[in-house]
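> Just need the structure, nothing else, for what follows:
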Amino acid sequence: MTNLINYAFPYNHMGFFDLFKSSSPAKTSTSCECDICSKKMTLSDGYLLTTKDVVVQKAYWEYAFTHQWGYVHDLGGTNADPEMKTRFLANLLINQINQNTPWSICETCSNFFTFDKKTAKKYAQKNISPPNTGYITRAEGIQAAVAFMDAWKKVYNEELPDLRKEL
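Predicted structure coming up:
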């Protein structure tokens, strides 16, 4: 099976992705949508989180699998090629862990995550990116893959191939 992380992160041979940490500004408009549930909100009413803050949380993946990505379980039906489904799910994971801008999170969705709410609120109110916004490290990607697989098991009662191998 193709090692998909080399496609998404061409400098994977360096071992860590922190060389690509972004100092990109937060969203420019104070009117935005929650990056989890798409609820319209003003940025100052929510929180700004890093990609790591989001993707290593099993609750994020559980929500995604039961809401916006509810279709992925039945992808291809009963005749689905297991390798193709694994590639698709690995790409889904990689696309999420490859986010290099802050995540706008509404009050409701903030309950999925463990983070310093006071600090994340200040970043949202000032419209500035939290420290360490940008690409995550390989170790954090592994944590995200474990959370992804654990959430899949909980939601669908089904084991996935080890997606860590795809990173």
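> For the rest of this, base every contact and every neighbour count on C-alpha atoms.
Fine.
> and stretch 63-72, average pLDDT?
Here the mean pLDDT over stretch 63-72 is 89, rounded to a whole number.
> Could you give me the buried positions within it?
Neighbour-count burial for stretch 63-72, with 16 or more other C-alpha atoms under 10 Å as criterion, is recorded at 63-65.
> Using JSON lines, please lay out these together with distance to residue 153.
JSON lines is the format used below for these (distance: C-alpha to C-alpha, whole Å):
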{"residue": "63", "distance to residue 153": "13"}
{"residue": "64", "distance to residue 153": "13"}
{"residue": "65", "distance to residue 153": "11"}
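> In terms of distance to residue 115, which of those ranks first?
Within those, proximity to residue 115 (C-alpha to C-alpha) peaks at residue 63, which comes in at 17.6 Å.
> quick check, distance from the helix or strand encompassing residue 147 to the centre of its chain.
Under the criterion of DSSP states H and E, residue 147 resides in helix 138-156. Taking C-alpha atoms, centre = their mean, to the nearest Å, the mean C-alpha location of helix 138-156 is offset from the chain mean by 10 Å.
> how about it: buried residues?
Of the residues in helix 138-156, those buried under the neighbour-count criterion (16+ other C-alpha under 10 Å) are 138, 140-152, 155.
> quick revisit: helices - which of the buried residues of stretch 63-72 land there?
Secondary structure assignment by DSSP state H places 63-65 of the buried residues of stretch 63-72 in helices.
> residues touching the closest residue to residue 31 other than its chain neighbours, list them.
In space, residue 31 comes closest to residue 42 once its chain neighbours are excluded; the distance is 4.4 Å by C-alpha to C-alpha, 6 or more residues apart in numbering. Applying C-alpha atoms under 8 Å, 6 or more residues apart in numbering, we find residue 42 in contact with 30-33.
> Could you dump those into TSV and include distance to residue 115, secondary structure and pLDDT?
Below are those laid out as TSV (distance: C-alpha to C-alpha, whole Å; DSSP: H, G, I helix; E, B strand; the rest coil; pLDDT from 0 to 100):
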residue	distance to residue 115	secondary structure	pLDDT
30	22	coil	79
31	23	strand	88
32	21	strand	91
33	20	strand	94
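> Can you list phi and psi of the residue nearest to residue 31 for me?
As for residue 42, its main-chain torsions (degrees, to the nearest 10) stand at phi -100, psi 150.
> Relative to residue 134, how far out is it?
22 Å (C-alpha to C-alpha, to the nearest Å).
> One more: residue 102?
With distances taken as C-alpha to C-alpha, residue 102 is found 8 Å from residue 134.
> same thing with residue 147?
If you measure residue 147 against residue 134 using C-alpha to C-alpha, the figure is 19 Å.
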